[in-house]
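# here is the input, now give the coordinates:
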Amino acid sequence: MASRNSLEAVYREYLAALVLFHQSAAHAVGLGPTDYQALNLLELRGPQTPGALSAALGLTTGATTRLVDRLVAAGYAERAADPHDRRKVTVTATMTPEDLAELLDGVRGSIAGYVSTLDEAQRDVLVGYWQAAGQGYAKGLSLLTS
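You can find the predicted model right below:
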């Protein structure tokens, strides 16, 4: 079994590769890193109010308004009246930049290839890790932005 230090090093290398890839992917398609993550969240979670998007990204409402303006102007999102409360607005992802979709499909394909070699128990461990890590980093973000 690998030592704690080597596990930590592998994990940190993974995180660095992940962050650097996504920053570069955002730049390659003309998006800033935060705009890129906003589009990702809109695609994953569906339509959101600007306030919910603001909270998820750790941004002020003013910064989120400008971010949504950029996504709408680029054709990647649209604003619409909330179907349940006309006083509210929701933001919906309308498309992913084609170059980005191709790039992500390639990366996701190689990861899916590896995951497909795992048995169900191993996949459960992997999913558990991804959920715990996601919750941990979300909690860290909320501590940084509160």
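
# buried residues in the host helix or strand of residue 137?
Residue 137 belongs to helix 120-145 when assigned by DSSP states H and E. Residues of helix 120-145 classed as buried by neighbour count (16 or more other C-beta atoms under 10 Å): none. The way it works is simple: take the backbone N, C-alpha and C, and place the C-beta from them, glycine included.

# tell me how many other residues surround residue 76.
Counted by other C-beta atoms under 10 Å, the residues lying close to residue 76 total 22.

# equivalent analysis for residue 20, please.
Residue 20 has 10 nearby residues by other C-beta under 10 Å.

# please renumber the chain so that the first residue is 13 from this point on.
All set: I'll call the first residue 13, so the last point we hit is now residue 32.

# residues contacting it?
When contacts are counted by C-beta atoms under 8 Å, 6 or more residues apart in numbering, residue 32 touches no other residue.

# ok, then the element right after the helix or strand hosting it?
When elements are defined using DSSP H and E, residue 32 is found to belong to helix 16-40. Sequence-wise, the next helix or strand downstream of helix 16-40 (DSSP H and E) is helix 45-57.

# quick one: that following helix to helix 16-40, angle?
Calculated by axes from the mean of the first three to the mean of the last three C-alpha atoms, to 10 degrees, helix 45-57 forms an angle of 100 degrees with helix 16-40.

# just to revisit the earlier point, now the helix holding residue 32: buried residues?
By neighbour count with 16+ other C-beta under 10 Å, helix 16-40 contains the buried residues 34, 37-38.

# out of those, who's nearest residue 142?
Nearest to residue 142 out of those is residue 34 (C-beta to C-beta; 15.5 Å).

# OK, contacts around the closest one?
Going by C-beta under 8 Å, 6+ apart, the list of residues near residue 34 reads 45, 48-49.
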